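[1] let's see this in three dimensions:
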Amino acid sequence: MFNPTNYAITPHSVGPWVGGVLIAMLGIAVLVRERGSRVSLTLCLLTISCAIWLLSAGTLYSTLHEPLALWWAKAEHFGVVFIPSLLLIFTLAFVQRVHEFRAVAWGSLVVSGLLYVSVLATDRFITGVYHYAWGYYPRYGPLSLPFLVFFFSLLLGSIRFLWIEHTRAVHGIPRHRVKALLIALGIGYWGAVDFLGAYGIPFYPFGYVAVLGFVVLMFVAVWRYRLLEITPALAAEQIIDTMADALLVLDHEGTVRAANQAAFQLFGYPKAEIVGKPIAATLGNLFGKETLKALADTGVMREYETDYCTQQGKILTLDIMGSVTRDLVGYPLAFVFITRDVTERKEAEEALRKAKTELAHVTRVMTMGEMVASIAHEITQPLTAVLTNGQACLRWLARESPNLDEAREAVRHIIQDGSRAGEVIQRIRALVKKTESESAWLDINGVIHEVIDLTHSEILRNHVVLRTDLADGLPAVLGDRIQLQQVLLNLVINAIEAMSTVEYRRRELLVTSHRDESDGVVVSVCDSGVGLNSQEIDRLFDAYYTTKPHGLGMGLSISRSIIQAHSGRLWATANDGRGATLHFALPTVQPRVP
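    Numbering: from 1, shown residues only. Here you go, the predicted model:
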């Protein structure tokens, strides 16, 4: 094979050699110019396959001995059998439908491999060689017929894909690019005339001339229009894939042409279900035709927020910006959307707003306490007068004074002062009736966590160690969230204040929840303060009674009223001189499933 005396260079062998070298150079040039994109890689493989065919064919024509000619004929077909499958894969990559037809692409490569195995292992594909005026040429056998069917089927399939893309392409660079490729391949297909000589027809194999035309036209098309404009490779793929924000690039029809890893993670779809598919098939109306039209008209889309439901049913808040890329004639070529998940930021803002609302509510509760103290003071004055006048009347009656006018005057004052007290009480009742409870199904553990968050700074300031033991799976309770928060807040603040004067032991606050068969859901707040005796426990919930040196003592009384309004109960227990525990129980009502 390497003996120069077995070869004679002829004009017939030079043509295929030149064609093979030129087409190999084209493949390498395209690969470099397109920066190793998928389309350029598939084209490079196709040109290498064609180069193997032409270089081996030129060597075959210059061979002087038949056995050596048969070896080169089989070597030549390593390139020949892979040309149709590589052409199809290149076409699919060019029209960006590889993922959609990946089974067909891999299947064609397998068929090409099996065909070449039949070339090497049997004599039913290449049965021998002819000797024509231009040199030796392979002679085909029965297995060549399935190969020709395979060959021309894939060629026609490639033309079909390109023609569909041509009809879809808009005016401008995309349409010119597809048209140039169609013309180049149409000229290159004339190389199929070389099969005539393999069946004994002495028709000169000028296929390398057609391939040269294909080389020239492809080189011009690639240099002028490039192979692909909308691709991650040309848009700095590594930078795009490291972006924290999701990136989607759509063509004028709304088909996704490029996307980064953040987009696949955000929307919950694999790459195969997004890239190459219409955006409406996966993301619905998130980027609808109206959005694309408005973006094409204005050139840029102002940042806006919208809600999006994932496949898992999770609602996300998305921040979206868009821009448009145009071709040389100003026609919209691609729409670029950058999407950011701002759900956590929105939740944080909502939590902050809620915390401010709850703080305002706590302030209102404190103001209400001051108002109640003022009302109590107003009630005390007339009632004191009633008692004073009553006592005076009793003293007068004790003396059996005959002066009835004095008795009538004293009784008149008693009635007037009693009426004043009654009017004040009626105003308080009217005020209470105006405060309507907003009941809802509540997770009591969630309410506990909300109150703990509100008192976090107070717990830290008093050096209190907080522990929780909350049972999982507790049934829902029907209640007013704000009122139950007020009860828990009162219990926790009382516990912290009870421990504020304790210096000789560890300050611990334990909040627990559990289910009780008789009471329903029970919540307990346990402190390690000075504790309570039996008398204090008996009077703990009386209005205006307090164990603290300052204050009105109405907090626990109000808390008990709230719990009773929820059909529950509130009570206290002593912890053997090491603090106290306050409990409240709420009945469990299972919500009906609609």
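
[2] can you list the domain ranges for the chain.
    The chain breaks down into these domains under automatic domain parsing: 4-225, 237-344, 356-433, 439-586.

[3] looking at the ones you listed, which one has the lowest mean pLDDT?
    Mean pLDDT values for those show the minimum at domain 356-433, a mean of 58.

[4] OK, contacts around Ile448?
    Applying CB atoms under 8 Å, 6 or more residues apart in numbering to Ile448 gives the contacts 468, 470, 488, 511, 513, 523. C-betas here are computed from N, CA, C, even on glycine.

[5] with Leu185 instead?
    Taking CB under 8 Å, 6+ apart as the contact definition, Leu185 lies against 87, 158-159, 162, 214.

[6] name the helix or strand for it, please.
    Secondary structure from DSSP states H and E places Leu185 in helix 173-188.

[7] got the phi and psi for the closest residue to Val465 other than its chain neighbours?
    Spatial nearest neighbour of Val465, excluding adjacent residues (CB to CB, 6 or more residues apart in numbering): Glu508 at 4.9 Å. Main-chain torsions, Glu508, degrees, to the nearest 10: phi -130, psi 140.

[8] related to what we said a few turns ago, could I have the helix holding Leu185 exported to CSV, CA atoms only?
    The C-alpha trace of helix 173-188 is given here as CSV (Å, rounded to 0.1, in the frame of the first residue of the first chain):
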residue,chain,number,x,y,z
ILE,A,173,-30.5,37.2,6.8
PRO,A,174,-32.4,34.0,8.0
ARG,A,175,-34.1,33.5,4.6
HIS,A,176,-30.9,34.2,2.6
ARG,A,177,-28.9,31.8,4.8
VAL,A,178,-31.4,28.9,4.3
LYS,A,179,-31.7,29.6,0.6
ALA,A,180,-27.9,29.6,0.1
LEU,A,181,-27.6,26.3,1.9
LEU,A,182,-30.4,24.8,-0.3
ILE,A,183,-28.6,25.8,-3.5
ALA,A,184,-25.2,24.5,-2.2
LEU,A,185,-26.7,21.1,-1.3
GLY,A,186,-28.6,21.0,-4.6
ILE,A,187,-25.4,21.3,-6.5
GLY,A,188,-23.5,18.9,-4.2
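
[9] and the longest strand anywhere in the chain, which residues are buried?
    Longest strand in the chain, counting residues (DSSP state E): strand 315-326. For strand 315-326, burial by neighbour count (16 or more other CB atoms under 10 Å) applies to 316-320, 322, 324.

[10] got a list of contacts for the helix or strand following it?
    Under the assignment DSSP H and E, the closest C-terminal helix or strand after strand 315-326 is strand 332-341. Here strand 332-341 makes contact (CB under 8 Å, 6+ apart) with 172-174, 229-230, 244-252, 257, 263, 266, 287, 292, 295-296, 316-327.

[11] just the contacts of Leu185 now: which is nearest Val530?
    Ranked by distance to Val530 (CB to CB), the contacts of Leu185 are led by Leu162 at 89.2 Å.

[12] burial measure for that closest one, as a count.
    19 (other CB atoms under 10 Å).

[13] how many other residues sit next to the nearest residue to it once chain neighbours are set aside?
    By the measure of CB to CB, 6+ apart, the closest residue to Leu162 outside its immediate chain neighbours is Leu182, 5.2 Å from it. Here the number of neighbours of Leu182 (other CB under 10 Å) works out to 17.

[14] how far away is Leu182 from Met218?
    11 Å (CB to CB, to the nearest Å).

[15] next one: the helix holding Leu185 to chain centre, how far?
    40 Å (CA atoms, centre = their mean, to the nearest Å).

[16] show me what counts as buried in that helix.
    173-178, 180-182, 184-185, 187-188.

[17] just give me the closest of these to Trp441.
    Pro174 (56.9 Å).

[18] what about the helices in the stretch 201-350 of the chain?
    Secondary structure of the stretch 201-350 of the chain by DSSP state H, counting those that start in this stretch: the helices cover 207-225, 237-241, 261-267, 271-274, 279-283, 289-298, 343-399.

[19] ok, and for the first one, which residues are buried?
    Neighbour counts over helix 207-225 (16+ other CB under 10 Å) mark 207-215, 217-219, 221-222, 225 as buried.

[20] so how far is that helix off the chain centroid?
    Helix 207-225 sits 45 Å away from the centroid of its parent chain (CA atoms, centre = their mean).

[21] go on, stretch 340-353?
    Using CA atoms, centre = their mean, the offset of stretch 340-353 from its chain centre is 15 Å.
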